[in-house]
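Colleague: Please work out how this folds:
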Amino acid sequence: MPFMEEALDWPLARLLPVMQKRIMEDCRYHGIPTLKNPLDFWVYQEIVWETRPDIIVEIGNLYGGSTLALAHMCDVLGAGRIIGVDSNHAEIHESVKAHPRIGLITGGACQVAPQVQRELAAARSVLIIDDSLHTYEHTLNVLQTYAEFVTVDNYFIVEDGICHHGLDVGPEPGPYEAVDAFIRTNKNFIIDRNKENFGITWNPKGYLKRIS
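Modeller: Sure thing, here's the model as predicted:
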């Protein structure tokens with residue numbers, strides 16, 4: 001890619017794959033591979049600051065870079081815990097396992113939901129982020145299973161709606177269509193598209209705010 005000032009006439013469709021390559025190959029947090037769009041993760045930081053969650057449930061952890069970043073946000077706030085849920089935690093970095101605010105639950109997201117629910121029993125504010133398997137069926141199942149755990153005025157963030165809605169990657173249908181199906185039948189949430197106002201997001205329609 002040329003330098004930015006030499007590519008001002010590039011269409012977005014040409015830029016997004018360049019950003020995707022950087023995210024997938026070189027994006028790190030404290031040295032840990034972290035497959036997140038930094039623009040979205042900045043929005044996460046704003047949501048955490050605004051909502052002060054007692055617990056953040058992150059579904060899909062891989063190496064744990066974003067899990068550690070969320071824990072560091074809680075360190076700054078002086079409160080909060082992270083529950084990392086994944087079917088396999090073999091690749092999680094040791095520094096993530098060692099952080100006192102992070103607890104890991106290993107198993108399929110829907111299968112371990114009762115265990116997660118017990119962890120949330122005393123929480124007044126809960127934020128959920130889903131970055132697990134991005135198939136339509138799985139994402140919709142996770143939404144339907146975990147939606148009740150999100151507290152009013154907090155968020156259920158569904159990642160990677162960009163699959164076939166910006167990038168020609170991933171399952172089709174995928175998270176974008178699962179959100180559409182979920183929101184048609186669940187009036188407790190709205191899609192907060194103000195959270196996409198950087199203009200570029202890997203989570204189109206993915207910021208679901210619980211309103212009742």
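Colleague: which residues of the protein fall in helices?
Modeller: If DSSP state H is used as the criterion, the helices of the chain fall at 12-26, 38-51, 65-77, 94-98, 113-119, 136-146, 175-185.
Colleague: Serialize the ones you listed to JSON lines and add fields for distance to residue 209 and mean pLDDT.
Modeller: Bear in mind the C-beta positions are built from the backbone N, C-alpha and C, glycine included. Listed next are those as JSON lines, based on distance: least, CB to CB, whole Å; pLDDT from 0 to 100:
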{"stretch": "helix 12-26", "distance to residue 209": "25", "mean pLDDT": "97"}
{"stretch": "helix 38-51", "distance to residue 209": "9", "mean pLDDT": "98"}
{"stretch": "helix 65-77", "distance to residue 209": "18", "mean pLDDT": "98"}
{"stretch": "helix 94-98", "distance to residue 209": "28", "mean pLDDT": "97"}
{"stretch": "helix 113-119", "distance to residue 209": "20", "mean pLDDT": "98"}
{"stretch": "helix 136-146", "distance to residue 209": "14", "mean pLDDT": "98"}
{"stretch": "helix 175-185", "distance to residue 209": "11", "mean pLDDT": "98"}
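Colleague: Of those, which is nearest residue 155?
Modeller: Nearest to residue 155, of all these, is helix 38-51, at 5.6 Å by CB to CB.
Colleague: Okay, buried residues for that closest one please.
Modeller: Residues of helix 38-51 classed as buried by neighbour count (16 or more other CB atoms under 10 Å): 40, 41, 43, 44, 47, 48, 51.
Colleague: Likewise for stretch 173-186?
Modeller: Residues of stretch 173-186 classed as buried: 173, 174, 175, 176, 177, 178, 179, 182, 183, 186 (neighbour count, 16+ other CB under 10 Å).
Colleague: Repeat that for stretch 115-128.
Modeller: Of the residues in stretch 115-128, those buried under the neighbour-count criterion (16+ other CB under 10 Å) are 116, 119, 120, 123, 125, 126, 127, 128.
Colleague: before we move on, what about stretch 205-212?
Modeller: Burial within stretch 205-212, assessed by neighbour count using 16+ other CB under 10 Å, is assigned to 205, 206, 207, 208, 209, 210.
Colleague: ok, so of the residues you listed, who is nearest residue 148?
Modeller: Distance from residue 148 was checked for each of the buried residues of stretch 205-212 by CB to CB. The minimum falls on residue 210, at 9.5 Å.
Colleague: Contacts only, for the closest one.
Modeller: Neighbour list for residue 210: 147, 150, 151, 152, 153, 154, 155, 156, 188, 189 [criterion: CB atoms under 8 Å, 6 or more residues apart in numbering].
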